[in-house]
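Asks: structure, please.
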Amino acid sequence: MRDRVAIAGAATTGFQARNTDRSQASYVAQAAVAVLDQCGLTTRDIDGLCGSLPAAPAVQSMLGIPEVTWFANPIIPFGNQLAAAASAVYSGLCDVVLAYHGAYRMAWNTGSALKDPFRRGVAFGSSPAPVPESVAGSVGYTAWASRYIHEFGVPRASLGYVAINDRSNAMANPGAAMRDPLTMEDYLSARMIRSPLCLYDMDVAVDGADAFIITTAERAADLPLAPVLVDAIVLGMIDKNEEDQSPSLRRHGQQVTVEALKARSGFWIDDVDVLLVYDGFSVIALNWLENVGYCGPGEAGSFIEDNWAAGDDGTGRILIKGRVPVNPHGGSLSEGGTQGSGHLREAVHQLQGLASGRQVEGAQRALVTVGGFFFNAQGITLRRG
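Replies: Below is the predicted model:
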């Protein structure tokens, strides 16, 4: 379906790293109304719904969308939502999809909850062992980060570059949750959460939402903004797809995604103007850089150093070949943990020329790699129509 489906618009509420006095649904409604206004559409134009939470029936009722002919609520990360919505449009199940994601700090998703055995049990009651004495969920990435450092003999500073890049970029994003400067000294002296990952290696739980309009390329061409054409989407996974079962850093979902995406896309990394790599944990971003082909296994830290634009204040950012930014919105580590919707939204805004204050001049193509190693590695290539 290359170039047959387009993202016509993307909107966000911005994100806050605190429990706000608003509901998750209110954020989704705000983002949805904003993207409809942006595209010059009304609820009567929507005949497809796809998102995370709240469920699609509740969103339809809340927004007063008269009728839909297709809806779905795939699990996150958000590459699943885009793949489902694009497929529905291309197959003719619907014509215009409102896709959405509400990031929200649930009652159990706070530091205080993790210290409370009752609320902690709600979040992790199905774990085979008391968290964190397991290699499941978020704890799995601490184990694999340890493996990465051990196997390739790299310093923790390699992880730190990801966090510093995100924070430096987030300072130009008014919707980012974390905007104070971050230096390598700050990173290396930060509180350790679970070795080798510290406070700045893990995404920030936030309140807020993103919303998108996904439709045919033909219809998008008639809407106010430049259409962002879907070049290719891949959701990659191997048979041993759980955190404690993956065979190695050289064999997990990212390699499957990259191999298929590279074969199906009309362009690859030499033609990319903006790169959005998932960074729910810093080690994930290093792996994406290596697996998409910028460098070899274990070489991401050195690659970043070779493409580092240092700031006078000890901050800095990645500019591949002095030109291509990585996560110009601040990523999961600084804009907030949006489970990939923020990465996709930033790609859309960059290709539409709407990334005020951080716009990549003349951006035409974007590579978005969403998700981690295991059951959620996803890749998307997009180009300006």
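Asks: which stretches of this protein form strands?
Replies: 5-12, 48-51, 70-72, 96-103, 192-194, 197-198, 208-216, 228-236, 274-277, 308-310, 316-320, 324-325, 365-370, 377-384 (DSSP state E).
Asks: tell me how far the first one lies from the chain's centre.
Replies: Which is strand 5-12. 15 Å (Cα atoms, centre = their mean, to the nearest Å).
Asks: quick revisit: mean pLDDT and distance to Asp37 for the strands of the chain - can I get that in JSON lines?
Replies: The way it works is simple: take the backbone N, C-alpha and C, and place the C-beta from them, glycine included. Formatted as JSON lines, the strands of the chain follow (pLDDT from 0 to 100; distance: least, Cβ to Cβ, whole Å):
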{"stretch": "strand 5-12", "mean pLDDT": "98", "distance to Asp37": "8"}
{"stretch": "strand 48-51", "mean pLDDT": "98", "distance to Asp37": "18"}
{"stretch": "strand 70-72", "mean pLDDT": "98", "distance to Asp37": "22"}
{"stretch": "strand 96-103", "mean pLDDT": "97", "distance to Asp37": "12"}
{"stretch": "strand 192-194", "mean pLDDT": "91", "distance to Asp37": "40"}
{"stretch": "strand 197-198", "mean pLDDT": "96", "distance to Asp37": "40"}
{"stretch": "strand 208-216", "mean pLDDT": "98", "distance to Asp37": "11"}
{"stretch": "strand 228-236", "mean pLDDT": "98", "distance to Asp37": "18"}
{"stretch": "strand 274-277", "mean pLDDT": "98", "distance to Asp37": "25"}
{"stretch": "strand 308-310", "mean pLDDT": "97", "distance to Asp37": "36"}
{"stretch": "strand 316-320", "mean pLDDT": "98", "distance to Asp37": "32"}
{"stretch": "strand 324-325", "mean pLDDT": "98", "distance to Asp37": "28"}
{"stretch": "strand 365-370", "mean pLDDT": "98", "distance to Asp37": "24"}
{"stretch": "strand 377-384", "mean pLDDT": "98", "distance to Asp37": "22"}
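Asks: ok, which of the ones you listed comes nearest Gly266?
Replies: When those are compared by Cβ to Cβ, strand 228-236 sits nearest Gly266, at 5.4 Å.
Asks: hey, C-alpha coordinates of the closest one in PDB?
Replies: Once non-C-alpha atoms are left out, strand 228-236 reads as follows in PDB (Å, rounded to 0.1, in the frame of the first residue of the first chain):
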ATOM      1  CA  VAL A 228       2.400  12.500   5.000                       C
ATOM      2  CA  LEU A 229       2.500   9.300   2.900                       C
ATOM      3  CA  VAL A 230       2.900   5.900   4.500                       C
ATOM      4  CA  ASP A 231       5.800   4.300   2.700                       C
ATOM      5  CA  ALA A 232       6.000   1.000   4.700                       C
ATOM      6  CA  ILE A 233       5.200  -0.400   8.100                       C
ATOM      7  CA  VAL A 234       6.600  -3.600   9.700                       C
ATOM      8  CA  LEU A 235       5.800  -5.200  13.000                       C
ATOM      9  CA  GLY A 236       8.600  -7.600  13.700                       C
END
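Asks: could you list every helix and strand in contact with it?
Replies: Under the contact definition 3 or more Cβ pairs under 8 Å, 6 or more residues apart in numbering; DSSP states H and E, strand 228-236 sits against strand 5-12, helix 79-91, helix 253-264, helix 341-352, strand 377-384.
Asks: so how far is it from its chain's centroid?
Replies: With Cα atoms, centre = their mean, you get 14 Å for strand 228-236.
Asks: next, the angle from it to strand 5-12.
Replies: If you take axes from the mean of the first three to the mean of the last three Cα atoms, to 10 degrees, strand 228-236 sits at 90 degrees to strand 5-12.
Asks: in its sheet, which strands sit next to strand 228-236, and in what direction?
Replies: Looking at strand 228-236 with DSSP bridges, its partner strands are strand 5-12 (antiparallel), strand 377-384 (antiparallel).
Asks: could you dump these to TSV with distance to Lys321?
Replies: Formatted as TSV, these follow (distance: least, Cβ to Cβ, whole Å):
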stretch	distance to Lys321
strand 5-12	26
strand 377-384	18
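Asks: ok, back up a step: can you put the helices and strands packed on strand 228-236 in a markdown table and add distance to Asp279 and mean neighbour count?
Replies: Formatted as a markdown table, the helices and strands packed on strand 228-236 follow (distance: least, Cβ to Cβ, whole Å; neighbours: other Cβ atoms under 10 Å):
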| stretch | distance to Asp279 | mean neighbour count |
| --- | --- | --- |
| strand 5-12 | 18 | 28 |
| helix 79-91 | 14 | 23 |
| helix 253-264 | 13 | 19 |
| helix 341-352 | 9 | 28 |
| strand 377-384 | 14 | 26 |
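Asks: distance check, Ile284 against Gly371.
Replies: Relative to Gly371, Ile284 is positioned 8 Å away (Cβ to Cβ, to the nearest Å).
Asks: so where's this structure shaky on pLDDT?
Replies: For the chain, applying pLDDT under 70 flags the ranges 107-133.
Asks: center of it - which residue?
Replies: Gly340 (2.1 Å; Cα atoms, centre = their mean).
Asks: okay, and the beta partners of Gly316?
Replies: Under the criterion used (DSSP bridges), Gly316 bridges to Ala310.
Asks: which residues touch it?
Replies: Tyr161, Ile164, Asn165, Ser168, Trp308, Ala309, Ala310 (Cβ atoms under 8 Å, 6 or more residues apart in numbering).
Asks: and Glu259, by the same measure?
Replies: Counted by Cβ under 8 Å, 6+ apart, Glu259 has contacts Gly236.
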